[in-house]
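**Student:** Quick one: sequence plus predicted model below, questions after.
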Amino acid sequence: MSAIEHLPGTDNGLLRFLTCGSVDDGKSTLIGRLLFDTKTILADTLHAITRTSERRGLEAVDLSLLTDGLHAEREQGITIDVAYRYFSTGRRKYIIADAPGHEQYTRNMVTAASTANLAIILIDARKGVLTQTRRHSYLAHLVGIPHIVVAINKMDLVGYDQATFERIRGEYLEFAATLGIGDVRFIPLSALNGDMLVERGENLGWYSGPTLLDMLENAPTAHSERDERFRFPVQYVCRPQKSGDPKLHDYRGFMGRVESGEIVVGDEVLILPSETRTRVKAIELHGRSLPRAIAEQSVTLLLEDEVDVSRGDMIVRAQESALVTRRIEAMLCWLGDAPLDPQRKYLIRQTTRETKAAIASIDYRLYINTLQKMPAERLGMNDIARVAFKLAQPLCVDAYADNRSTGAFIVIDESSNNTVGAGMIL
């Protein structure tokens, strides 16, 4: 991991990360131990899970209960839905997503992974690399998570054996090379006993690398590792009509969220899809003027010229245009209960723009357990496939590998208004 160096005590920003692995690999226990050892559990929460553990006849507190929040999950001892938890240390804030391990909940994992910047993939030291390990690694790679930490858990059950760790590490690296996963780190740990999570413990003296928390504290945040192209989908056109202030008579502000890159007052910009050129006259945030706007800021842009801009248009730097197209090819994860019907039309929503779309082709369906490409005429829930769409209106897009915001879209069923698919543009 190309970790950024930080000074002690500085704020390293927000990190969104995902935990995933096979059933009983200890995902929920790992997150519970992380919360417990960083002292971010409220007293009443700890008391509640202590009582639940006692009712089950357990000698120690079952920390997995902190994330397995649904009653059905607690009964079955598995994770079904994505459980989000929030905590902070003295150096940064975290959003954790505990994703389900079962194949039938693939759509839940894709949803959780779509905003993560790091994935912790757990492997049971007794079992090694399994089919679900490969599936979760592929999904993490598919949705563009740039940093992978392979946590080889339950080292206490193999006597903290270094040879076991090295064997699993070699097996995973061989598989990762076939997918093109480059940034991957490995750590041995025992989530149950707390070895190598927050504290190093006394059982893994042969491992000289950082603890899991050290890795998280120093992991790069989103938008920090390379220069990104400026992308500003327009969400709302602000035209005050009844303010009574003559200064606002000709006010026209374009409101939205900077999805990537940055913009400075005076920069030349391009309005897409019309390709009209103008310059940024002012940038406003809560009534204050800013000299520039950066990624993930929600701001209002004022332009020098009176140009035709509507919701769904995209403002980009003049020299950094996006592709304007009526056809997209993408990897699609089908989320709907009803299968995808190639004869139907769907709505595609990408950033703030919507258009009707028809299926041009289904090139193949991916058999996720073996990554084999299979022919397909329809897609069912949790299927992942390469699909081409014909669009009624043009979209302004980037490849998902270049931009996770402008390269992503959702598919909506017009009749129910349900989200039935999530796609990544190739």
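**Tutor:** Nice, I can see it.
**Student:** The host helix or strand of L18 packs against which elements?
**Tutor:** Following DSSP states H and E, one finds L18 within strand 14-21. When contacts are defined as 3 or more C-beta pairs under 8 Å, 6 or more residues apart in numbering; DSSP states H and E, strand 14-21 sits against helix 27-37, strand 93-98, helix 106-113, strand 118-124, helix 131-142. All C-beta spots, glycine's among them, are computed from the backbone N, C-alpha and C.
**Student:** Please give the centre-to-centre distance between that strand and its chain.
**Tutor:** 8 Å (C-alpha atoms, centre = their mean, to the nearest Å).
**Student:** Stretch 29-42 too?
**Tutor:** 22 Å.
**Student:** and it, which residues are buried?
**Tutor:** For stretch 29-42, the neighbour count (16 or more other C-beta atoms under 10 Å) marks 29-38, 40-41 as buried.
**Student:** Tell me the one of those nearest V280?
**Tutor:** Nearest to V280 among the buried residues of stretch 29-42 is T40, at 41.2 Å by C-beta to C-beta.
**Student:** Does the nearest residue to that closest one once chain neighbours are set aside lie in a helix or a strand, and which?
**Tutor:** Nearest residue to T40, sequence neighbours excluded (C-beta to C-beta, 6 or more residues apart in numbering): F87, at 4.0 Å. If you go by DSSP H and E, F87 is part of strand 83-88.
**Student:** again, but for L213
**Tutor:** Using DSSP H and E, L213 maps to helix 212-218.
**Student:** Could you do A360 as well?
**Tutor:** strand 353-367.
**Student:** packing partners for that strand?
**Tutor:** strand 345-350, strand 372-374, strand 384-397.
**Student:** at 10 Å instead, please
**Tutor:** Applying 3 or more C-beta pairs under 10 Å, 6 or more residues apart in numbering; DSSP states H and E, we find strand 353-367 packed against strand 323-334, strand 345-350, strand 372-374, strand 384-397, strand 408-412.
**Student:** just to confirm, which helix or strand has A422 in it?
**Tutor:** Going by DSSP H and E, A422 is in strand 419-425.
**Student:** which strands and helices sit next to that strand?
**Tutor:** Applying 3+ C-beta pairs under 10 Å, 6+ apart, one finds that strand 419-425 contacts helix 106-113, strand 323-334, strand 345-350, strand 384-397, strand 408-412.
**Student:** can you tell me which of those comes nearest to S289?
**Tutor:** strand 384-397 (27.3 Å).
**Student:** buried sites along the closest one?
**Tutor:** Neighbour-count burial for strand 384-397 flags 384-389, 391, 395-397 (criterion: 16+ other C-beta under 10 Å).
**Student:** center of the chain - which residue?
**Tutor:** T115 (2.0 Å; C-alpha atoms, centre = their mean).
**Student:** before we move on, what SS does that one have?
**Tutor:** Following DSSP: H, G, I helix; E, B strand; the rest coil, T115 is assigned to coil.
**Student:** wait, doesn't it sit right on L15?
**Tutor:** No - using C-beta atoms under 10 Å, T115 is not in contact with L15, being 11.2 Å away.
**Student:** list the residues that contact both of the two?
**Tutor:** The contact sets of T115 and L15 overlap at 95, 222 (C-beta atoms under 10 Å, 6 or more residues apart in numbering).
**Student:** Could you list the domains of this protein?
**Tutor:** 14-218, 231-317, 323-425 (automatic domain parsing).
**Student:** start to end distance for the longest one?
**Tutor:** When you say that, I think you mean domain 14-218. 11 Å (C-alpha to C-alpha, to the nearest Å).
**Student:** Enumerate every residue touching V143.
**Tutor:** With C-beta under 10 Å, 6+ apart, V143 has these contacts: 18, 109-116, 119, 331, 333, 400, 404, 408, 422, 424.
**Student:** could you redo the last one with a cut-off of 7 Å?
**Tutor:** By C-beta atoms under 7 Å, 6 or more residues apart in numbering, V143 lies in contact with 110, 113-114, 424.
**Student:** Take the strand holding A422, keep the C-alpha atoms, and write them as CSV.
**Tutor:** C-alpha atoms of strand 419-425 as CSV (Å, rounded to 0.1, in the frame of the first residue of the first chain):
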residue,chain,number,x,y,z
THR,A,419,-33.3,0.3,-8.2
VAL,A,420,-32.8,-3.0,-10.0
GLY,A,421,-29.2,-2.8,-11.2
ALA,A,422,-25.8,-1.1,-10.6
GLY,A,423,-23.3,-0.7,-13.4
MET,A,424,-19.6,0.2,-13.9
ILE,A,425,-18.8,1.7,-17.3
